[in-house]
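Student: Predicted model and sequence below, questions to follow.
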Amino acid sequence: MTTLLTDLREEILELKRAKDATILAHYYQEGEIQELADFVGDSLNLSRAATKVTTSTIVFCGVHFMAETAKILNRSKRVLLPDLKAGCSLAEAAPPEKLARYQEMLRIDGRKFQTVTYINSTAGVKALSDWIVTSGNAEQIIRRVPEEYEILFVPDRHLGQYLSELTGRKMILWDGACIVHEIFSVGDLLALKRKLPHSITIAHPECPANIREHSEFVGGTEAMVRFVGQHTTPTDFLVATEANMMWRLQTLYPQHRFHPVPGITCACNKCPHMGLNTLEKVRDCLIRGEPEIHWQPEFERAKEVLERSLL
Ligand code: 13P
Ligand code: SF4
């Protein structure tokens, strides 16, 4: 590690103590951020961890909807996001006004439905929902929706299709997708599988069906950690999710080898939104006490739905 990086790490750790802050980080953050965090996890465990933080400030190293969720579940805490522009293509795909209009149209048509929303969405959309799911609890929640209701699944059509196959529930799918998981190349995956015939492919359920059907395991990031942990003999894993996940897996399980499934246009799939957070911005937000996520009126109803679904 360079002296500059060591100094920056030391500075952040010192500021964290001085400002009474806890750093939460998603698995898709760069390794140097994951290393420094007090807690690293998937969306579900990060939301739960946020409710147990004892410091007055949370620095959320992830994207906007994650920090917003942490604030919704902890009104009294100050929640900082190192870069406020860290968005998500899924959250962008479902503006609340558009969802409200669509729900109204379904009601006028006499359809009886419940809205099940992926946590990768804005608070306004969560407030219009009956349930919130993450990759870690989606199947469980879908099974709680009474059979007499249709399911409107928002905003990830690939995750929705996967859950519909898994549970046998018919769904009306919103037309959103993750820009990272949507672009894996099935041709390159098959070529990699031929090159490494004993490898095991693990894919996130945000991937389209053509990638999932060539995968031995489909699951969210936490499920991936558990699945890989069950293998004791050195194994080649082909990983179809955001590339920083491999840093985590390699750190936890050094006996295995992890290979990224390439994207159609690039060799490695990093989320440009997650990548906006850097160690420098973590330090700066601790010094300035901003950018901060401020409480909004729609958080009240979103909180009810989140607590019912996740806690
Ligand atoms: P999980 O870590 O909950 O599986 O979510 C993946 C993701 O795309 C977060 O943006
Ligand atoms: Fe959104 Fe995809 Fe980035 Fe996750 S990886 S934050 S789903 S764009």
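Tutor: That came through fine. Ligands and ions are numbered 1, 2, ... in the order given.
Student: Quick one: name the residues of the stretch 151-300 of the chain near ligand 1.
Tutor: 178, 206, 220-221 (C-beta under 6 Å from any ligand atom). Every C-beta, even on glycine, is put in place using the N, C-alpha and C of the backbone.
Student: Compile the residues you listed into TSV and extend it with columns for secondary structure and pLDDT.
Tutor: Formatted as TSV, these follow (DSSP: H, G, I helix; E, B strand; the rest coil; pLDDT from 0 to 100):
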residue	secondary structure	pLDDT
178	coil	97
206	coil	98
220	coil	98
221	helix	98
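Student: Pull up the gap between the residue nearest to the spatial centre of the chain and residue 214, please.
Tutor: For the chain, residue 43 is the residue whose C-alpha lies nearest the centre (C-alpha atoms, centre = their mean; 4.8 Å). Counting by C-beta to C-beta, to the nearest Å, the gap from residue 43 to residue 214 is 25 Å.
Student: Quick one: residues contacting the closest residue to ligand 1 within the stretch 151-300 of the chain.
Tutor: Using C-beta to the nearest ligand atom, the closest approach of the stretch 151-300 of the chain to ligand 1 is made by residue 220 at 3.1 Å. By C-beta atoms under 8 Å, 6 or more residues apart in numbering, the contact list for residue 220 reads 42-44, 134-136, 204-205.
Student: still on that earlier bit, can you add distance to residue 15 and give the residues of the stretch 151-300 of the chain next to ligand 1 back as JSON lines?
Tutor: Formatted as JSON lines, these follow (distance: C-beta to C-beta, whole Å):
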{"residue": "178", "distance to residue 15": "33"}
{"residue": "206", "distance to residue 15": "34"}
{"residue": "220", "distance to residue 15": "32"}
{"residue": "221", "distance to residue 15": "28"}
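Student: if we look at ligand 2, which of these are close to it?
Tutor: residue 178.
Student: hmm, back to that, closest one to residue 183 out of the contacts of residue 220, please.
Tutor: residue 204 (12.7 Å; C-beta to C-beta).
Student: Quickly list what residue 257 is bridged to.
Tutor: Beta bridges link residue 257 to residue 236 when assigned by DSSP bridges.
Student: Can you give me the pLDDT of residue 119?
Tutor: pLDDT, residue 119: 98.
Student: same check, this time on residue 311
Tutor: The model's pLDDT for residue 311 equals 84.
Student: List the contacts of it.
Tutor: Residues counted as contacts of residue 311 (C-beta under 8 Å, 6+ apart) are 48, 51, 73.
Student: And for the first one, the neighbour number?
Tutor: When you say that, I think you mean residue 48. For residue 48, the neighbour count with other C-beta atoms under 10 Å is 15.
Student: near ligand 1, anything from the host helix or strand of residue 65?
Tutor: Taking DSSP states H and E as the definition, residue 65 sits inside helix 64-72. No - counting by C-beta under 6 Å from any ligand atom, ligand 1 is not contacted by helix 64-72; separation bottoms out at 7.4 Å.
Student: How about residues contacting that helix?
Tutor: With C-beta under 8 Å, 6+ apart, helix 64-72 has contacts from 24, 26, 43, 46-47, 50, 58, 60, 77, 79-81, 84, 86-88, 91, 119-123, 126, 293-295, 299, 302-303, 306.
Student: what's next to the following helix or strand past it, contact-wise?
Tutor: Stepping forward along the backbone from helix 64-72, the first helix or strand reached (DSSP H and E) is strand 78-80. The set of residues external to strand 78-80 that reach it, using C-beta under 8 Å, 6+ apart, is 21, 56-60, 67, 70-71, 285-286, 289-293.
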